[in-house]
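Trainee: Can you look at this prediction? I've put the sequence above it.
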Amino acid sequence: MTAPQPAPLRLAGFEYRQLDVEGIMVHHAIAGSGPPLLLLHGYPENHLMWRHVAPALAQDHTVVVADLRGYGDSGKPAPDHAGLVYAKRAMARDQVGLMRQLGFGQFGLVGHDRGARVAHRLVLDHPAAVTRLAVLDIVPTRHVLGHVTRAMATAYYHWFFLATPNGIPERLIAADPGFWVRSLIGPLLGPGASIEPEVLNDYVRCFSDPRTIAGSCADYRSAASTDLLHDDETFAVGQRIECPTLALWGTQAFVGRAYDPLSVWQQYATDLRGTPLPTGHFLPEEAPALVTSALRDFLT
């Protein structure tokens, strides 16, 4: 007999909703007042990664935290062979549609990890919708996959594992999703950093759903195929991010160790600034006060 799943955790003070955006249910929470701001999470997490940052930003913004398609408690459509269902273009369309349904034609946008890659595509496909963009601990997918090294392949081994076909990662992760989530997150945290057990348990709860595993693997497969095609097309015609853009990265994370993030992002954004933070990969969970301060300074 299968053990019952724990109830989802929720952010105190946030109103939770589900909205149908072109057939995809987008799970989100909203709080605060002031200029609208959308926060998008990374892998293998959900909107709870903003638990320490979102309430602080809600003091002077209307903050929306959302689960990406395939993650958390949002809709999880079946992947397709063409890589379109989980392309960043489709995932971005969910989020801009969500904000429009909430009455926000323009909004600030902050993304971490996969959420930052969705945010990058969103601002390219819907430039009029985004007033300011912040990307946390990434350089563009096109740059990462165009500069694969032994160090990159070792640090980002999961990019290649999750993109493997024939159901291989799905079956292996499903055998012990708790081990997978914890074994991936742990080494990416900076020295001495940790995530509360109850939050980790919620991340595991979501990855105990085979549809989350399938959708997130499809996300990575699209990154190495369809997304890369879209990114190359955009870059070839000279399209860049035009809105003010902030890059934050962890000095103890691979992005901070392996790249010069500002010089990379300067090829993709016309109005750029950036700041390193003394963290590993999970900036909002490792140094929420520093992230909140940097975002507040940028967004005002």
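Mentor: All right, it came through fine.
Trainee: Spell out the residue ranges of the strands in the protein.
Mentor: In the chain, the strands defined using DSSP state E lie at 15-21, 24-32, 36-40, 62-66, 107-112, 130-136, 245-250, 272-277.
Trainee: Go through those and name the closest to residue 207.
Mentor: Closest approach to residue 207 among those (Cβ to Cβ): strand 24-32, 15.3 Å. C-beta here means a position set from N, CA and C on the backbone, and glycine is covered the same way.
Trainee: Please report the distance of the spatially closest residue to residue 153 that is not a sequence neighbour from residue 229.
Mentor: Nearest non-adjacent residue to residue 153, counting by Cβ to Cβ, 6 or more residues apart in numbering: residue 160, 6.7 Å away. According to Cβ to Cβ, to the nearest Å, residue 160 and residue 229 sit 18 Å apart.
Trainee: Give me the contact list for stretch 256-265.
Mentor: Residues from elsewhere that reach stretch 256-265 (Cβ atoms under 8 Å, 6 or more residues apart in numbering): 135, 137, 139-140, 143, 149, 151-152, 155, 245, 247, 249-251, 255, 272, 274, 276.
Trainee: Quick one, which of those residues are buried?
Mentor: By neighbour count, with 16 or more other Cβ atoms under 10 Å, the contacts of stretch 256-265 hold 135, 137, 139-140, 143, 152, 155, 245, 247, 249-250, 255, 272, 274, 276 as buried.
Trainee: residue contacts, the residue positioned nearest the centre of the chain?
Mentor: Residue closest to the mean C-alpha point of the chain, counted by Cα atoms, centre = their mean, is residue 115 at 1.9 Å. Applying Cβ under 8 Å, 6+ apart, we find residue 115 in contact with 39, 40, 41, 42, 68.
Trainee: try 6 Å
Mentor: Contacts for residue 115 (Cβ atoms under 6 Å, 6 or more residues apart in numbering) come out as 40, 41, 42.
Trainee: pretty sure residue 130 contacts residue 243?
Mentor: Yes. The criterion here is Cβ atoms under 6 Å, and residue 130 meets it with residue 243 at 5.3 Å.
Trainee: Neighbour count for the two, which is higher?
Mentor: Shown here are residue 130 and residue 243; by other Cβ atoms under 10 Å, residue 130 has more neighbours (23 against 18).
Trainee: partner residues bridging that one?
Mentor: Counting by DSSP bridges, residue 130 is bridged to residue 107.
Trainee: And it, how close does it get to residue 30?
Mentor: Applying Cβ to Cβ, the value for residue 130 to residue 30 is 18 Å.
Trainee: Also residue 19?
Mentor: 10 Å.
Trainee: more neighbours, the two?
Mentor: residue 30 (19 against 16).
Trainee: residues touching that one, list them.
Mentor: So residue 30 contacts 15, 64 (Cβ under 6 Å, 6+ apart).
Trainee: if I pick residue 167, what's in contact with it?
Mentor: No contacts exist for residue 167 under Cβ under 6 Å, 6+ apart.
Trainee: try residue 88
Mentor: Residue 88 makes contact with 117, 118, 121, 227 under the criterion Cβ under 6 Å, 6+ apart.
Trainee: and it, what pLDDT?
Mentor: Model confidence at residue 88, given as pLDDT, is 98.
Trainee: hang on, the earlier thing: just among the contacts of residue 88, which is most surrounded?
Mentor: Greatest neighbour count in these, by other Cβ under 10 Å, goes to residue 118: 29 neighbours.
Trainee: Which residues are in contact with that one?
Mentor: Residue 118 neighbours (Cβ under 6 Å, 6+ apart): 40, 88, 91, 92.
Trainee: how near is the closest residue to the first one other than its chain neighbours to residue 67?
Mentor: Ranked by Cβ to Cβ, 6+ apart and with sequence neighbours excluded, the top spatial neighbour of residue 40 is residue 115, at 2.9 Å. Distance of residue 115 to residue 67, computed by Cβ to Cβ: 10 Å.
Trainee: Can I get stretch 79-97 as PDB, trimmed to CA atoms?
Mentor: What follows is stretch 79-97, C-alpha atoms only, in PDB (Å, rounded to 0.1, in the frame of the first residue of the first chain):
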ATOM      1  CA  PRO A  79       6.200  15.400 -23.200                       C
ATOM      2  CA  ASP A  80       6.400  15.300 -27.000                       C
ATOM      3  CA  HIS A  81       9.200  13.900 -29.300                       C
ATOM      4  CA  ALA A  82       9.700  17.300 -31.000                       C
ATOM      5  CA  GLY A  83      10.600  19.000 -27.700                       C
ATOM      6  CA  LEU A  84       8.000  21.700 -28.000                       C
ATOM      7  CA  VAL A  85       5.900  21.000 -25.000                       C
ATOM      8  CA  TYR A  86       8.700  21.700 -22.500                       C
ATOM      9  CA  ALA A  87      10.600  24.300 -24.700                       C
ATOM     10  CA  LYS A  88      11.300  27.500 -22.800                       C
ATOM     11  CA  ARG A  89       9.100  29.200 -25.300                       C
ATOM     12  CA  ALA A  90       6.100  27.200 -24.100                       C
ATOM     13  CA  MET A  91       7.000  27.500 -20.400                       C
ATOM     14  CA  ALA A  92       7.400  31.300 -20.800                       C
ATOM     15  CA  ARG A  93       4.100  31.500 -22.500                       C
ATOM     16  CA  ASP A  94       2.500  30.000 -19.400                       C
ATOM     17  CA  GLN A  95       4.000  32.600 -17.200                       C
ATOM     18  CA  VAL A  96       3.200  35.700 -19.300                       C
ATOM     19  CA  GLY A  97      -0.300  34.400 -19.700                       C
END
